[in-house]
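Q: sequence first, predicted coordinates after that:
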Amino acid sequence: MRSRRFSSISAFAAMIWMFAGSLVVSGTAAAQEEPIQVAFGEIDITPPLDEQRPVWLAGYGMGRRAIAVHDPIMARCVVLRSGKTTVALTCVDLVGLQFPEVQRIRSRLPDLNYVMVSSTHNHEGPDVIGIWGRSPIHRGVDDGYLDLVVDHVSRMIGETLGKLVPATVEYGTAEDESLLGDTRQPIVKDGVIRTLRFIGADRKTLGVVVDWSSHPEAMGAKNTAITADFPGVTVARLRAKHACPVVYFSGAVGGLMTPPRNRIKDENGKSLEEGDFAYMTRYGEEVGDLAAKATQSATQIKLTPIKVAARTIYLPVENPLYRAAHAIRVLSRNATVWKGDRNQKGEPLTATNADQTMAVETEVAYLRLGDLHVACIPGELYPELMYGRFQDPRSEEHTSELQSRGVISYA
C-alpha cells in the first residue's frame, strides 16, 4: 500500500515553497524563420554515501535512510540562444530544489537572461527540503550536498554555453492516459507527452526534450536505494533510440498523478507493482516509447524570438505543520510576514512576530519561444487547472479504489 503520510502535506505546501518549474508546452506548425542555437548538458549529482553523513530519502515518511545507489541521479539542461537572448531550462532528479538554491545558481551565471531550475519531484533522492529527516525534529538536509548541487548545476550550464550550434526544431505529442494513475479527486489526467527534437545541419538529432506528467513514485515508500526512478529509464530509452542527449521535465503532476496500478506487465504478461525495480524499468520504457512515438509524428516549429517574463512573488503559508517545522528550524528557508499582497515583501518573520501569517518568496515566469509557450510554476500544477476540467461527483469506483489503497477511510 502506498504511504501518504506526508504526501497530503507536501502536495499543498509544495505549491507554496518549491520552485519545481513545470514545463507546460503547446505549439503549432510553422516554417523556421531563423535557426535557434541549442546545446545540451548533464552532470551527476548523486550524493556520496557516508556512515557519518546519512542521506535521508525524500517523500513519503521520515527516517528512510539510503543504504545503496541503484542508479545515479542527474542534472540536465538545454540552453537556447537567439540573438542576444540566452535561456537555460534545467531539471534535477530531486524532490524539489528550493528557490534560494535556484537564486544561488543564477548568481553564478550573470550572462544568461533566464535560468529555470525544475525538479522531477523524485521521491527516491535525497531530502533537499528538510521534512524527511531522522524524526520530526531532525532536519533531513545536508547543507554540504546543497552546495554540491549548486556548484555542479551552475558549472554544467556554464560549460554547455560553449557548445551552442544552430538547429531546427520539431514539436510532437502522443497520448496514453492508461500510463497514469490519479489518486485524488477530481479525476483529471494530462496523458499527453510532449517532445522537442532538435536537428542539426547534417540532419542528425542534437537532442530531445520530454515533458510528462507523472510523479517518480514507481519505487514506493519501502525503497532504500538512491535512484532517479522511472525518468532515468525513460531518458536512457530515448538516448538509445536517437543517439543524443535527452532532458526530461515533469509537468502537471498535482492531484496526484502517479504510475498506474495493474497496468504494467512483464514479458510474460504478469502484472508488476510499485516498489519493484522491474516495475520501474518497464514503466520508464513505456513512457520512453510513448515519447518516441511523439517524435515520429512531430512537425517543425520555430523557437524564435525568445521573450522572458518573470516575477518574484510572496505567498502566505497557512499549513500549521510547515510553520511548526520552520519554528524549530527543520525548515531553514527564510520567511517574512504576509502583507496581504503577493507583490509586497514583509519584514522578516522572527520569534517576536511569529503570531503573524507567514509568507515565503518564490517566482512565476513565462517564456515565449516562438511558437512555444513555457509556464514556470512553483510546485505541483494540477491538470484540472491546466485544462479547466473537473470531475463531480466522486465516482463510486474511485472511492472504492482510494479506500483499498488506504488513502481515505470512513468511520
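A: Structure received. Just so you know, these numbers come straight off a predicted model, no measurement behind them.
Q: quick one: the strands in the stretch 101-250 of the chain?
A: For the stretch 101-250 of the chain, the strands defined by DSSP state E, counting those that start in this stretch cover 114-119, 165-175, 181-182, 192-199, 205-212, 225-226, 246-250.
Q: for those strands, give me a markdown table that also has distance to D143 and mean pLDDT.
A: The way it works is simple: take the backbone N, C-alpha and C, and place the C-beta from them, glycine included. Formatted as a markdown table, the strands of the stretch 101-250 of the chain follow (distance: least, CB to CB, whole Å; pLDDT from 0 to 100):
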| stretch | distance to D143 | mean pLDDT |
| --- | --- | --- |
| strand 114-119 | 18 | 96 |
| strand 165-175 | 38 | 97 |
| strand 181-182 | 35 | 92 |
| strand 192-199 | 35 | 96 |
| strand 205-212 | 31 | 97 |
| strand 225-226 | 18 | 98 |
| strand 246-250 | 25 | 97 |
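Q: now tabulate these in JSON lines and tack on mean neighbour count and distance to P383.
A: Compiled in JSON lines, the strands of the stretch 101-250 of the chain are given as follows (neighbours: other CB atoms under 10 Å; distance: least, CB to CB, whole Å):
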{"stretch": "strand 114-119", "mean neighbour count": "25", "distance to P383": "17"}
{"stretch": "strand 165-175", "mean neighbour count": "20", "distance to P383": "13"}
{"stretch": "strand 181-182", "mean neighbour count": "22", "distance to P383": "8"}
{"stretch": "strand 192-199", "mean neighbour count": "24", "distance to P383": "10"}
{"stretch": "strand 205-212", "mean neighbour count": "25", "distance to P383": "12"}
{"stretch": "strand 225-226", "mean neighbour count": "18", "distance to P383": "29"}
{"stretch": "strand 246-250", "mean neighbour count": "26", "distance to P383": "12"}
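Q: quick one: closest of those to M257.
A: With CB to CB as the criterion, M257 lies closest to strand 181-182 of the strands of the stretch 101-250 of the chain, at 6.3 Å.
Q: tell me which residue is most central in this protein.
A: Nearest residue to the geometric centre of the chain (CA atoms, centre = their mean): T120, 2.7 Å.
Q: contacts only, for it.
A: Listed by CB atoms under 8 Å, 6 or more residues apart in numbering, the contact partners of T120 are C91, V92, D93, L94, P216, A228, D229, P231, Y248, F249, S250.
Q: quick one: low-confidence residue ranges for this structure.
A: For the chain, residues meeting the criterion pLDDT under 70 lie at 1-34, 389-411.
Q: run the last query once more with 90
A: Residue ranges of the chain with pLDDT under 90: 1-35, 51, 183-188, 254-256, 318, 351, 354, 375, 377-411.
Q: quick one, helices of it?
A: 7-17, 99-107, 143-160, 230-242, 277-296, 320-327, 383-387, 396-404 (DSSP state H).
Q: pull the residues that contact the longest one.
A: Defining contact as CB under 8 Å, 6+ apart, one finds that helix 277-296 is touched by 70, 170, 172-174, 176, 179, 193-195, 197, 208, 210, 212, 214, 218-219, 227, 229-238, 241-242, 259, 264-266, 272-273.
Q: buried residues in that helix?
A: Neighbour-count burial for helix 277-296 flags 277, 279-295 (criterion: 16 or more other CB atoms under 10 Å).
Q: same question for stretch 351-362.
A: Buried-residue list, stretch 351-362, by 16+ other CB under 10 Å: Q356, M358, A359, V360, E361, T362.
Q: redo those residues as TSV? Include distance to M386.
A: Compiled in TSV, the buried residues of stretch 351-362 are given as follows (distance: CB to CB, whole Å):
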residue	distance to M386
Q356	33
M358	28
A359	25
V360	23
E361	24
T362	19
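Q: show me which of the residues you listed is closest to H152.
A: For the buried residues of stretch 351-362, the nearest to H152 is T362 (22.9 Å; CB to CB).
Q: which one is the closest one nearest to, not counting chain neighbours?
A: P378 (4.5 Å; CB to CB, 6 or more residues apart in numbering).
Q: in contact with R323, which residues?
A: V317, M358.
Q: if we go to 10 Å?
A: For R323, the contacting residues are V317, L331, A335, L349, A354, T357, M358, by CB atoms under 10 Å, 6 or more residues apart in numbering.
Q: ok, W132 next?
A: Here W132 is in contact with 6, 10, 56-64, 95, 123, 126, 138-141, 330 (criterion: CB under 10 Å, 6+ apart).
Q: tell me the contacts of the residue lying closest to it once chain neighbours are set aside?
A: Closest residue in space to W132, ignoring its immediate chain neighbours: G140 at 4.4 Å, by CB to CB, 6+ apart. Neighbouring residues of G140 by CB under 10 Å, 6+ apart: 54-58, 62-65, 126-134, 330.
Q: recalculate using a threshold of 7 Å.
A: W56, D127, G130, I131, W132, G133 (CB atoms under 7 Å, 6 or more residues apart in numbering).
Q: next: T195.
A: T195 touches G172, V208, V209, V210, A291, A294, T295, A298, counting by CB under 7 Å, 6+ apart.
Q: beta partners for it?
A: T195 forms beta bridges with G172, V210, as assigned by DSSP bridges.
Q: from P54, how far off is it?
A: Going from T195 to P54 by CB to CB, to the nearest Å gives 38 Å.
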